[in-house]
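**Q** here is a sequence together with a model predicted from it:
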Amino acid sequence: MAVKRLDTWAKEHGVTAVDFIWADIQGAEGDLITGGKETLANTRYFYTEYSDEELYEGQPTLAQLQSMLPTFSIVRRYPMDVLFENLSFQSIKNKLPEHLVSYQNVRRNASCPCGSGKRYKHCHGSNAL
Ligand SMILES: [Zn+2]
């Protein structure tokens, strides 16, 4: 079976933000997280199995998952599965992908449409007339 890092896959497909990842990979959760750090940082929900009794060899415990996912908090815990939410996702989501941002008719003192929180004249408008 061909295996690909999550971050590699995301780059190849131009995926910049993910709403939900459902991982059912029977012990490879740690590998997924290690190979998908950048993608997970831009992922809102992450649903995965865990095992405090090591059902599959190498399957992380809940405590190990939590330490691998520092920006995530547990939304709901099931007997063998857990749903995480990325608490830093909201600020990422407010930053629109560049190709969706319109800079037409922006006042120089208005906040920049890119979502940076800066004024337009100090951000993307700094080169505009
Ligand atoms: Zn900007």
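**A** Received the coordinates, thanks. Just so it is clear, the structure is predicted and the values come from calculations on it, not from any experiment.

**Q** quick check: domain ranges of the chain?
**A** Listed domain ranges for the chain are 6-91, 97-127 (source: automatic domain parsing).

**Q** can you put these in TSV and add mean neighbour count?
**A** Where C-beta positions appear, they are placed from N, C-alpha and C, glycine not excepted. Below are the domains of the chain laid out as TSV (neighbours: other CB atoms under 10 Å):
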stretch	mean neighbour count
domain 6-91	15
domain 97-127	13
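
**Q** which of those domains comes out lowest on mean pLDDT?
**A** Mean pLDDT is lowest for domain 97-127 among the domains of the chain, at a mean of 84.

**Q** how about the residues of this protein near the ion?
**A** Neighbours of the ion within the chain, by CB under 5 Å from the ion: 112, 114, 116, 123, 124.

**Q** residue 115 is in contact with the last one, correct?
**A** Spelled out, it's residue 124. No: Residue 124 is beyond contact range of residue 115, at 10.5 Å (criterion: CB atoms under 8 Å).

**Q** mutual contacts of those two, please.
**A** Listed as contacting both residue 124 and residue 115 by CB atoms under 8 Å, 6 or more residues apart in numbering are residue 101.

**Q** ok so, going back, distance to residue 51 and secondary structure added to the residues of the chain next to the ion, as a markdown table?
**A** Converted to a markdown table, these look like this (distance: CB to CB, whole Å; DSSP: H, G, I helix; E, B strand; the rest coil):
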| residue | distance to residue 51 | secondary structure |
| --- | --- | --- |
| 112 | 46 | coil |
| 114 | 42 | coil |
| 116 | 42 | coil |
| 123 | 47 | coil |
| 124 | 47 | coil |
